[in-house]
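**Student:** Here is my input, please return the structure:
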Amino acid sequence: MATSKITKDERVLNLVICLLHTPRFVTAEYIRANVNGYAESKTDLSFKRQLERDKKELRDAGIPVITGLTAEGDEGYRIDPASYELPEIALDEQESAAVAMAAAFWEMPEMATLSRTAMLKLGAAGIDLPGDAFAGIETPEGRSAGAEPVLAALVRAIDTGRAVTFVYRAGTTAAPVTRTLEPWGVVTHRGHWYVVGHDRTREETRTFRLSRLADVVSIGKDGSVTIPDGIDLQQVVADTVDTAVGTTEIIAHVWAARGRANGVRRMARRVTPQRLGEEDGDLLEIEVRYMSSVVRVILGAGADAVVLDPPALRDMVISALDNLIEVTGASAATGNVTGASAATGNVTGASAATGNVTAR
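**Tutor:** Okay, here's the model as predicted:
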């Protein structure tokens, strides 16, 4: 019976683990006896061929399988960890947002496998993507049930060079209208997805937020849309959004417990060690463009984040927690969440004057 692809992948992974963690060269006989997947070889010749194919596959993938002599003088193999490890890889806020948003949209069935593979490779490359790091990033869930099909339809249209029609709603109270666009690309900006292109209705370059689109349909012939040379789609979106919302940024100061509140920390442009009461932590300086997004991240951090200023952000967190108390029926007696007020901070906790949530 032929070996399945999954079994082969598991065998190769087992080989990597063995060769990477052994402190000395190991022989082919050792591999056959101790690495799961090789004992099934019925003959010595089939085993040797199998091992050679697997070593070649690893080397082709850039994994340095090296050959040397064992203590007994026999030929052996191992992977040099120093050559295998990658240098530190860091993503800035926009890059992290793009990765998180792509993973969220790629949860659709036809893309889920590719998404999981990509995220696993990023993790293997040393990129830290903790689960709460993207709590402030807009995702399809809770925003637009059709967001994933919208993205997929736009990507297909851009790849084939076709125009699209879609239903667009400028705001929650605005009436939906049908627009025709020659899409040039889809980019992220400050946690949201936008499509940029030539609006045939308005006869000008326009930017549309994906969460406000529905019923995207490709029209026209393949290759009928031409993307202008040298256009910077990211800059087009940034200019459009900044003009619409203004460029004045609010600076917030949030205390975060040491080693925790990763989602809040990723938004910080400056971090300074600072204690809050008896608790060790850091003072985070955060540029705030969308208050609601920052509030969601802070709420997700629970007792590990405390808003110090501005008062407007602090009040929004307090209000959100008060709403949570009202909805869940929580009370001071439960020890989980206590009554929030402007005088006590977000919710009583890290200190009686400024805590977010009750003591951990």
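**Student:** Low-confidence stretches in this protein?
**Tutor:** Residue ranges of the chain with pLDDT under 70: 1-7, 83-148, 171-174, 190-191, 242-249, 290, 327-360.
**Student:** CA atoms only for the lengthiest strand in the chain, dumped as PDB, please.
**Tutor:** If you go by DSSP state E, the chain has its longest strand at strand 177-189. Only the C-alpha atoms of strand 177-189 are listed here, as PDB (Å, rounded to 0.1, in the frame of the first residue of the first chain):
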ATOM      1  CA  VAL A 177     -26.900  52.200  -3.400                       C
ATOM      2  CA  THR A 178     -25.400  50.200  -6.300                       C
ATOM      3  CA  ARG A 179     -21.900  51.100  -7.400                       C
ATOM      4  CA  THR A 180     -19.600  50.000 -10.200                       C
ATOM      5  CA  LEU A 181     -15.900  49.900  -9.500                       C
ATOM      6  CA  GLU A 182     -12.700  48.900 -11.400                       C
ATOM      7  CA  PRO A 183     -10.900  47.400  -8.300                       C
ATOM      8  CA  TRP A 184      -7.100  47.900  -8.100                       C
ATOM      9  CA  GLY A 185      -6.400  46.300  -4.700                       C
ATOM     10  CA  VAL A 186      -7.500  45.600  -1.200                       C
ATOM     11  CA  VAL A 187      -5.500  46.900   1.800                       C
ATOM     12  CA  THR A 188      -5.800  47.400   5.500                       C
ATOM     13  CA  HIS A 189      -5.600  50.600   7.400                       C
END
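**Student:** same for the very next helix or strand once past it, what does it pack against?
**Tutor:** For strand 177-189, the succeeding helix or strand toward the C-terminus, using DSSP states H and E, is strand 192-199. Contacting strand 192-199 under the criterion 3 or more C-beta pairs under 8 Å, 6 or more residues apart in numbering; DSSP states H and E are the following elements: helix 147-160, strand 177-189, strand 204-209, helix 233-245. All C-beta spots, glycine's among them, are computed from the backbone N, C-alpha and C.
**Student:** What is the subsequent helix or strand relative to the shortest one?
**Tutor:** This points to strand 204-209. Taking DSSP H and E, what comes next after strand 204-209 is strand 213-219.
**Student:** quick one: strands adjacent to that next one?
**Tutor:** strand 163-168 (antiparallel) (DSSP bridges).
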